[in-house]
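Chemist: With the input below, show me the fold.
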Amino acid sequence: MDLLLLEKTLLALFVAVIVAITISKLRGKRFKLPPGPIPVPIFGNWLQVGDDLNHRNLTDLAKKFGDILLLRMGQRNLVVVSSPELAKEVLHTQGVEFGSRTRNVVFDIFTGKGQDMVFTVYGEHWRKMRRIMTVPFFTNKVVQQYRHGWEAEAASVVEDVKKAPEASTTGIIIRRRLQMMMYNNMYRIMFDRRFDREDDPLFMKLKALNGERSRLAQSFDYNYGDFIPILRPFLRGYLKICKEVKERRLQLFKDYFVDERKKLSSTKPTDHEGLKCAIDHILDAQKKGEINEDNVLYIVENINVAAIETTLWSVEWGIAELVNHPEIQKKLRHEIDTVLGPGVQVTEPDTLKLPYLQAVVKETLRLRMAIPLLVPHMNLHDAKLGGFDIPAESKILVNAWWLANNPANWKNPEEFRPERFLEEESKVEANGNDFRYLPFGVGRRSCPGIILALPILGITLGRLVQNFELLPPPGQSKIDTSEKGGQFSLHILKHSTIVAKPRVF
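Modeler: Numbers count the residues shown, from 1 in each chain. Predicted coordinates:
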């Protein structure tokens, strides 16, 4: 059977070579394509540039080929955009043309081929899902309804760190406690639920399944089967594992959270708008026939991935930079003590009165962007961009990290310097008002979670800095801030041990 498969694969490779050469010649005559390395049949540029298409590698290619470049990754066209002007074209001016999402073999499994909101193509389904998700998740009303819960979760983190004797001596991996905080922040909104302890069996199961989903989706190990479809049979084992993880996750969401909320709603009606949690609104949409049960579960899937982990990465990056820049940490602490008074705990409304805290959050999102290439875009039809022809169904990557770290546009961008957002870049906001700075994207497919992420980041970093002196472990002058990237993500390579010495007020 294996020999037969090999025979078929070799034959398909031979046919594909002929087809690729023919198509290449035809397209060369028909299209004015963006510049890029010369592709070879079958593999395109894959063997030249490799799997790890991270923000830094793509920046190096942009320096060589220009602000718009084309990579042929097997049978996929990948267009990389690296200037504010072209980013504006993709995300705003031609937001409809480039408003779809490219998926891959693994994301097709985890999203049911686009039954969610984040990875669905631009169209009626996306508009419906975005509308249904906006009211229960992404409004100022939601922030005001749940901000007391976020503040309580941050206070709980502070108390737990104070109770850990090693925190003030040898240090702790604070990320573990912050992870539970982020789950509680979002599960309060989704299901009016929270976890009391890190060893809660349901929390451990949920965290493990989400972690496995993230590992499988962010890995580069499956690219060969995604780029070259005839090699997909060799991915059977990998895709089987993905399907199993997907089914177990969705079943867990259904059994322990969605169905539990349905039972609760049937015994305790939630007629008052202010008492509804997000899943109540979403189940109302299902009852009206606007969405089906699978859509409900894929909305829960999106929030677990897009809202929890990305914000956690940003909190972790912010802490790491504050530990490695004690003068910035001291300046932030002084602002909080001066504006609020020593020991007066930061609340969500307070974050608006603390410009240096806001600048620290902005600078963290600039230098350590959680999704440095944004979520990839796609044009359903042939399009024009920057004077070049873009073939239909090309994957469009906006290198948002380079837009925010290009020395041609930013003063000493390699420095972690929050002051820039109070001085020369004082008018730049995280909402996309400047196309050099797009941590949440902008336009139709921007991340709506900005309205939750910014206050949660401000509350969490503010509470930690005002209650602790954050230091590297004994014997170290700094903590390691090496990066680890995935298909879309950028997080810290090592979950750092932090010494947290309680302050006395």
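
Chemist: if I pick W150, what's in contact with it?
Modeler: Counting by C-beta atoms under 8 Å, 6 or more residues apart in numbering, W150 makes contact with N185, E348, P455, I456, I459. C-beta here means a position set from N, CA and C on the backbone, and glycine is covered the same way.

Chemist: please redo it, this time with the cut-off set to 6 Å
Modeler: N185, I456, I459 (C-beta atoms under 6 Å, 6 or more residues apart in numbering).

Chemist: So which of those are in helices?
Modeler: N185, I456, I459 (DSSP state H).

Chemist: need the contact list for the last one.
Modeler: By that I understand I459. Counted by C-beta under 6 Å, 6+ apart, I459 has contacts W150, E151, A154, V346.

Chemist: Please apply the same query to the second one.
Modeler: Taking C-beta under 6 Å, 6+ apart as the criterion, I456 is in contact with W150, T311.

Chemist: Which secondary structure state does E424 sit in?
Modeler: coil (DSSP: H, G, I helix; E, B strand; the rest coil).

Chemist: Look at it and report its pLDDT.
Modeler: Note on E424: pLDDT of 98.

Chemist: Same check on the one 10 residues further on?
Modeler: The predicted structure scores D434 at 98 on the pLDDT scale.

Chemist: Could I get the phi/psi values of the nearest residue to it once chain neighbours are set aside?
Modeler: Leaving aside its sequence neighbours, D434 sits nearest to V428 (C-beta to C-beta, 6 or more residues apart in numbering; 4.6 Å). As for V428, its main-chain torsions (degrees, to the nearest 10) stand at phi -80, psi 130.

Chemist: shouldn't V428 be in contact with Y437?
Modeler: Yes - using C-beta atoms under 6 Å, V428 is in contact with Y437, at 5.2 Å.

Chemist: Show me which of those two is the more surrounded one.
Modeler: Y437 (25 against 18; other C-beta atoms under 10 Å).

Chemist: Could I get the contacting residues of the more buried one?
Modeler: Contacts of Y437 (C-beta under 6 Å, 6+ apart): A404, V428.

Chemist: What helix or strand is it located in?
Modeler: Of the helices and strands defined by DSSP states H and E, none includes Y437.

Chemist: Read off the pLDDT value for it.
Modeler: Looking at Y437, its pLDDT stands at 98.

Chemist: what about the strands in this structure?
Modeler: Residue ranges of the strands in the chain, as given by DSSP state E, are 68-73, 76-81, 377-378, 383-385, 388-390, 395-398, 468-471, 483-485, 490-492, 499-502.

Chemist: Need the residues that contact the fourth one.
Modeler: Read it as strand 383-385. Under C-beta under 6 Å, 6+ apart, the answer for strand 383-385 is E89, E97, I390.

Chemist: most neighbours, which of these?
Modeler: I390 (26 neighbours).

Chemist: Give me the number of neighbouring residues for E124.
Modeler: Close neighbours of E124, defined as other C-beta under 10 Å, add up to 9.
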